[in-house]
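Trainee: No letters, just coordinates:
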Ligand code: CA
């Protein structure tokens, strides 16, 4: 899951980025409204955490422009405590949720998880497909109830595919959401990562659509046969 974190206070941004990264998210930071607007308008993020008081362009304007242009990624706004006007304005501008500052990191993470689940159409922290279940809260994966040990990158790629079941996801899209855009990766990296995840899961979950990408079908047989 690739998150855009828009926050001009360096200390807060660093703490949030660190906390989210340790939970397996890929975090891209932006510290002014103009830059944030451009990136949200031209790149793909699974969710945005948006501070409202920003240099260049305030958060409300940024959000309004995204929504006017049809950019509909989930947005969680951060507001100073007590400024309920800002909150109302934020929701009106198209925010999906808000969190007053100062906030507890655990609450931010819980709200972010809820946003991502809602946008994936699931209300539970557990996503189960066939014998494989992924716990977005604990960052754990199990197959037939036995835990599988995945690296951060392996978890990221599996979580992304499991949030988008029934749809073919291209290598390019996976690269973007697993590694970020500014990192040059050879095209083998995703293939290698998928191969490792398949081997660790030991079940046929991720299918290859040659020339298109990868898909986890909505319906997966419960049989745990080892395979490609
Ligand atoms: Ca600010």
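Mentor: Okay, I see it. Every value quoted in this text rests on a predicted model; they were computed, and no experiment measured them.
Trainee: can you pull the contacts of residue 176?
Mentor: 2, 43-44 (C-beta atoms under 8 Å, 6 or more residues apart in numbering). To be clear about C-beta, it is placed using only N, CA and C from the backbone, and glycine gets the same treatment.
Trainee: correction: residue 177
Mentor: If you count contacts by C-beta under 8 Å, 6+ apart, then residue 177 has 1-2, 26, 44, 46, 156, 160 around it.
Trainee: Now the buried members of those.
Mentor: 1-2, 26, 46, 156, 160 (16 or more other C-beta atoms under 10 Å).
Trainee: Low-confidence ranges, the protein, go.
Mentor: Applying pLDDT under 70 to the chain flags the ranges 81-82, 122-123, 181-187, 220-228.
Trainee: The ion contacts on that one?
Mentor: By C-beta under 5 Å from the ion, the residues of the chain that approach the ion are 8, 51, 53.
Trainee: between the residues you listed, which has the most around it?
Mentor: Each of these was scored for neighbours by other C-beta atoms under 10 Å, and residue 51 scores highest at 25 neighbours.
Trainee: Show me what stretch 135-148 is in contact with.
Mentor: Applying C-beta under 8 Å, 6+ apart, the contact partners of stretch 135-148 are 23-24, 110, 113, 116-117, 125-127, 131-134, 150, 155, 158-159, 200-203, 224.
Trainee: Now do the buried residues in it.
Mentor: 136, 139, 141-143, 148.
Trainee: what's the farthest-apart pair in the residues you listed?
Mentor: 136 and 143 (16.5 Å; C-beta to C-beta).
Trainee: ok so, going back, in strands only, show me the contacts of residue 176.
Mentor: residue 2 (DSSP state E).
Trainee: Would you map out the domains in the protein?
Mentor: Here the domain parsing of the chain from automatic domain parsing is 2-119, 126-215.
Trainee: any idea whether the residue in the chain that the ion sits nearest to is helix, strand or coil?
Mentor: The minimum distance from the chain to the ion, using C-beta to the ion, falls at residue 53 (3.7 Å). The assignment at residue 53 comes out as coil when based on DSSP: H, G, I helix; E, B strand; the rest coil.
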